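**Q** Sequence and predicted structure below; questions after.
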Amino acid sequence: MIPIAKPQIGEEEKKAVLKVMDSGMLAQGESVKEFEKAFAAYIGVKYAVAVNSGTAALHAALFGCKIGPGTEVVTTPFTFIASANSILYCNSTPTFSDINPISFNLDPAKIPSALTSKSRAIMPVHLYGSTCEMDAIMDTAKSKGLMVIEDACQSHGSDYEGKKAGSIGDAGCFSFYPTKNMTTSEGGMVTTNNEEIAERAKLLREHGSRERYKHEVLGYNYRMTNIAAAIGIEQLKKLDKFNSTRRKNADYYIKHITADWLVKPQESKNSKHVYHQYTLRSKNNRLTRDEIVQKIKAAGIGCEIYYPRLVYQQPSFSAIPSRKCPEAEKAAQEVFSIPIHASLSQADLEQVVKVINSL
């Protein structure tokens, strides 16, 4: 079986974890501070705040940007539900805008029509490892006085016109779940150049407390452990290599997948794609998308649909009025992803191509 995802954990990560365990300092501490400093430097921002998941990072970033009751945040419905859930955690309301059918990211031209007098922020999601068209999004935000919170949970190391994802908006958010381009087993990070946003994110992370047993606001236990941070420190050193391998794997697919009923991902001229997922779009008139996925799985190859149901189609969002997003609805019926991770061998790549081209 060729898995859809496989984290690469080496001896460096194992030794780092053992060192932390031997120290007895397992909770948030010096390793977390070291990881935050290294990650901020990598992204090119002044501050990074480590938390225990990508979802926590989204929540903390929104809280840091003072998104609260009576406000709205424009985002995409074609993403993992955590993006919109985090807006609800702040007692704000997500409003959905449609996507570009090629990049699958928010279409900047459609964002203005989703804005209302209650809009306070835009949350672009850099889906599958490719950044959104940030210049246009930032221009809209600036003209309307809106904050921009980048959901870069799938785009570690991608960049837009030379700027790393997570460094362009007011805040950026990352996930270190095991399937991501780098991992801490579970974890997340908020990135920003704004000290107040960073301090508010830290406040939310620690039960609303800056001073022990003094709680200023309702907070949460979003702390990252030293064990997770130790893994992250070593993974970050390898991230560029991991991404380079993913890009080489994508290049192989681009050159060797020849099925004319498939639309392959395209890299924008001003964005560096890091291929968190290699997502194909089916235009097959003989097989449904779901039949294609089942055939690929039956051949021993991991294949998943990200995402078969839009956020506003989820039962948990049934009470929230939503604008229809036809391009996103169409994409949800046609996309599927195949293995692209850095652990793939040449034989794995050849087998994936063989199966895809034989459908």
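**A** That came in fine, so what should we check first? Only a predicted model underlies this, so the values are computations on that prediction, with no experimental measurement involved. Numbering: from 1, shown residues only.

**Q** Got the phi and psi for Ala41?
**A** With angles defined as degrees, to the nearest 10, Ala41 sits at phi -60, psi -40.

**Q** I'd like the mean pLDDT over stretch 255-274, please.
**A** The pLDDT scores in stretch 255-274 average 94.

**Q** Which positions within it qualify as buried?
**A** Neighbour-count burial for stretch 255-274 flags 257, 259, 262, 265, 267-268, 271-274 (criterion: 16 or more other CB atoms under 10 Å). Bear in mind the C-beta positions are built from the backbone N, C-alpha and C, glycine included.

**Q** residues touching Glu30, list them.
**A** Going by CB atoms under 8 Å, 6 or more residues apart in numbering, Glu30 touches Asn226.

**Q** let's have the chain start at 19 instead
**A** Sounds good: first residue 19 from here, last item Glu48.

**Q** now it: how far from Glu213?
**A** Glu48 sits 21 Å away from Glu213, taking CB to CB, to the nearest Å as the criterion.

**Q** Including secondary structure, could the buried residues of stretch 273-292 go into CSV?
**A** CSV is the format used below for these (DSSP: H, G, I helix; E, B strand; the rest coil):
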residue, secondary structure
Ile275, coil
Ala277, coil
Leu280, strand
Pro283, coil
Glu285, coil
Ser286, coil
Ser289, strand
Lys290, strand
His291, coil
Val292, coil
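
**Q** is it possible to export the residues you listed to a markdown table including distance to Ile61?
**A** Formatted as a markdown table, the buried residues of stretch 273-292 follow (distance: CB to CB, whole Å):
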| residue | distance to Ile61 |
| --- | --- |
| Ile275 | 32 |
| Ala277 | 37 |
| Leu280 | 33 |
| Pro283 | 23 |
| Glu285 | 20 |
| Ser286 | 20 |
| Ser289 | 16 |
| Lys290 | 14 |
| His291 | 17 |
| Val292 | 13 |
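
**Q** Could you single out the nearest of those residues to Ile85?
**A** If you rank those by distance to Ile85 using CB to CB, Ser289 comes first, at 26.1 Å.

**Q** SS state for the closest residue in space to the closest one that isn't next to it in sequence?
**A** Once flanking residues are discounted, Ser289 sits nearest to Thr149: 4.5 Å by CB to CB, 6 or more residues apart in numbering. Following three-state DSSP, we place Thr149 in the coil state.

**Q** cool, the one 5 residues further on as well?
**A** Here Ala154 takes the helix state, with states given by three-state DSSP.

**Q** okay, now Glu213: neighbour count?
**A** By the criterion of other CB atoms under 10 Å, Glu213 has 10 neighbours.

**Q** Could you do Pro326 as well?
**A** 14.

**Q** Could you do Tyr146 as well?
**A** Neighbour count for Tyr146, taken as other CB under 10 Å: 23.

**Q** same deal with the one 4 residues further on?
**A** Close neighbours of Cys150, defined as other CB under 10 Å, add up to 33.

**Q** Please verify my assumption that it contacts Met156.
**A** No - here Cys150 lies out of contact with Met156, judged by CB atoms under 8 Å, at a distance of 10.0 Å.

**Q** Report pLDDT for the residue nearest to Ser289.
**A** pLDDT for Thr149: 98.

**Q** Helix, strand or coil: sort out Thr113 for me.
**A** Assigned with three-state DSSP, Thr113 falls in the strand class.

**Q** what residues are up against it?
**A** Taking CB under 8 Å, 6+ apart as the criterion, Thr113 is in contact with 90-93, 132-134, 137, 340-341.

**Q** now swap in Ser289 and tell me
**A** The contact partners of Ser289, by CB under 8 Å, 6+ apart, come to 148-149, 176-179.

**Q** again, only using 10 Å
**A** By CB atoms under 10 Å, 6 or more residues apart in numbering, Ser289 lies in contact with 121, 123, 144, 147-152, 173, 176-179, 183.

**Q** gap between it and Lys182?
**A** In this structure, Ser289 and Lys182 are 11 Å apart, going by CB to CB.

**Q** Name the nearest residue to Ile319, ignoring sequence neighbours.
**A** Using CB to CB, 6+ apart and skipping the chain neighbours, the partner closest in space to Ile319 is Ile20 (4.9 Å).

**Q** ugh, wrong one, I meant Leu76
**A** Ser104 (3.5 Å).

**Q** Next: Lys64.
**A** Lys64 sits nearest to Asn211 (CB to CB, 6+ apart), 4.9 Å away.

**Q** What number of neighbouring residues does that neighbour come out with?
**A** 16.

**Q** what touches both of Cys150 and Met156?
**A** Shared contacts of Cys150 and Met156 (CB under 10 Å, 6+ apart): 126, 140, 142, 166, 178, 186-187.

**Q** Format those as CSV; extra columns: neighbour count and pLDDT.
**A** Shown next, in CSV, are the shared contacts of Cys150 and Met156 (neighbours: other CB atoms under 10 Å; pLDDT from 0 to 100):
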residue, neighbour count, pLDDT
Pro126, 20, 98
Ile140, 28, 98
Pro142, 29, 98
Val166, 21, 98
Tyr178, 24, 97
Ile186, 24, 98
Gly187, 28, 98
